[in-house]
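>>> I would like the atomic coordinates for the input below:
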Amino acid sequence: MRLAFALGLLLLVACLAFLPFALGQTGRDTQTDDEGPVALADVPNLVMEAAKKAVPDGTPTKAEMHTEDGRLLYEIEFDTPPGEVEVEVAADGSVLKIEADEEDKDGNGDEVEDEDEGKTSVALGDVPDVVMEAAKNAVPDGTPTEAEMEAEHGRVVYEIEFDTPCGGVEVEVAADGAVLEVEADEEGDDEGGDEVGDEDERETPVGLADVPDIVMEATKKAVPDGTPIEAEMATEDGRVLYKIQFDTPRGEVEVEVAADGTVLEVEADEDG
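Residues are numbered from 1 along each chain as shown. Below is the predicted model:
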C-alpha cells in the first residue's frame with residue numbers, strides 16, 4: 001500500500017513539473033498558427049476596408065498575418081499602376097505602414113530597378129475623388145491636364161498638373177487627400193508660345209470674377225472699406241498667389257493672398 005501511494009505521489013509530482021512545459025509549447029503552437037498566408041476572403045472586413053482606403057486605386061493580390069509584440073497584424077499586397085504596394089494593418093483596422101516595392105515594372109511587365117520613385121501616367125478619370133478634390137481646392141482656378149502616380153519614399157502619391165492663367169502648376173497629393181506640395185513650373189511661355197526663363201515670379205492679369213471666392217473674401221476682410229478694381233495671379237517661389245488692388249478713401253491698397261485664402265501682405269500704394 002505504501003509503495004503504491006509513493007508511486008502515485010511521484011507520478012503527480014512529475015505531471016506538475018511537466019505542466020508548465022506543456023502549456024508553453026501549446027502557446028507557441030498557437031502563435032505559429034497565427035502566422036503565414038491568409039486567403040483574401042478570410043481577411044476581416046475591417047482590415048480589408050482600411051487597406052483599400054489607404055491604396056484606393058490598388059487591387060489586393062495576397063495577404064499574410066503575423067503577431068508582433070503580442071499584436072495580430074495583417075500585411076496586404078496591392079497591385080497598383082506604378083508597382084506593388086504593401087499595407088500593414090492591425091486587427092482593429094489601424095493602418096500602420098504603407099510601403100512601395102523597391103522594384104517596378106516597365107511597359108513590357110519586366111521588373112526594373114526603382115530609383116526611389118516609379119512614376120506612371122494615370123488618366124484623370126482614374127484619380128481617386130479625394131485626391132482630385134484636394135488638388136482642385138489647392139488650385140481653384142486651374143484646369144487639370146494630366147496626372148501621374150508614384151511610389152515616393154514608401155508612400156503612394158499623385159502629381160496632378162494644372163493649367164492656370166499664369167502657367168503650369170503641379171500639385172502633389174497623398175492617397176488620403178493630404179496636399180503635400182504645390183509647385184509652379186520653373187519655365188513659362190511668352191506670347192509666341194516659346195519657353196522663357198522664370199524670374200522667380202510671373203504675374204498674369206485675372207478678371208475679378210475669376211478670382212476664387214475664398215481669396216476674394218479674404219482680401220475684402222483685410223480691406224473692408226475698399227473696392228476691388230483689378231487682380232493678378234502670380235507664381236512666386238513655387239506658390240500660387242493673388243494680388244488684388246483696392247481703391248480706398250486712403251488711396252490704393254494691394255492685398256497679396258495665397259490660393260488657400262491666407263493673407264500674406266497688405267500694402268498701401270506709395271503714391272496714394
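>>> pLDDT at the residue nearest to the spatial centre of the chain, what is it?
Nearest to the mean C-alpha position of the chain, by Cα atoms, centre = their mean, lies Ala174 at 1.2 Å. In this prediction, Ala174 carries a pLDDT score of 84.
>>> secondary structure element for the residue nearest to Asp126 when sequence neighbours are not counted?
Excluding the flanking residues, the one nearest Asp126 by Cβ to Cβ, 6 or more residues apart in numbering is Asp57, at 6.6 Å. All C-beta atoms are positioned from the backbone trio N, CA, C, and that covers glycine. Taking DSSP states H and E as the definition, one finds Asp57 inside no helix or strand.
>>> got a list of what the residue nearest to the centre of the chain touches?
Contacts for Ala174 (Cβ atoms under 8 Å, 6 or more residues apart in numbering) come out as Val131, Arg155, Val156, Val157, Tyr158, Leu180.
>>> Report the beta-bridge partner residues of it.
Val157 (DSSP bridges).
>>> coming back round to it: pull the most distant pair out of the contacts of Ala174.
Largest separation among the contacts of Ala174 by Cβ to Cβ: Val131 and Arg155, giving 12.8 Å.
>>> about what we covered before: so how far is Val55 from the residue nearest to the centre of the chain?
For Ala174, the distance to Val55 (Cβ to Cβ, to the nearest Å) stands at 11 Å.
>>> Kindly state the domain boundaries assigned to this protein.
36-113, 120-185, 201-268 (automatic domain parsing).
>>> returning to what we had before: show me which of the contacts of Ala174 is closest to Ala138.
Closest to Ala138, out of all of the contacts of Ala174 and judged by Cβ to Cβ, is Leu180, at 10.1 Å.
>>> so where does that closest one fall, helix or strand?
Under the criterion of DSSP H and E, Leu180 resides in strand 179-184.
>>> what's that strand packed up against?
helix 129-138, strand 167-174, strand 239-248 (3 or more Cβ pairs under 8 Å, 6 or more residues apart in numbering; DSSP states H and E).
>>> How far does the last one sit from its chain's centre?
Spelled out, that is strand 239-248. 30 Å (Cα atoms, centre = their mean, to the nearest Å).
>>> the inter-axis angle of that strand versus strand 167-174?
120 degrees (axes from the mean of the first three to the mean of the last three Cα atoms, to 10 degrees).
>>> Mind listing what's buried along strand 239-248?
Arg239, Val240, Leu241, Tyr242, Lys243, Ile244, Gln245, Phe246, Asp247 (16 or more other Cβ atoms under 10 Å).
>>> before we move on, the earlier item: report the lowest-confidence entry in the contacts of Ala174.
For the contacts of Ala174, the pLDDT minimum is Arg155, 70.
>>> Which parts of the stretch 1-150 of the chain are helices?
2-33, 45-54, 129-138 (DSSP state H, counting those that start in this stretch).
>>> picking up where we left off before, Throw the contacts of Ala174 into a markdown table and include distance to Glu217, thanks.
Shown next, in a markdown table, are the contacts of Ala174 (distance: Cβ to Cβ, whole Å):
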| residue | distance to Glu217 |
| --- | --- |
| Val131 | 26 |
| Arg155 | 34 |
| Val156 | 34 |
| Val157 | 30 |
| Tyr158 | 28 |
| Leu180 | 26 |
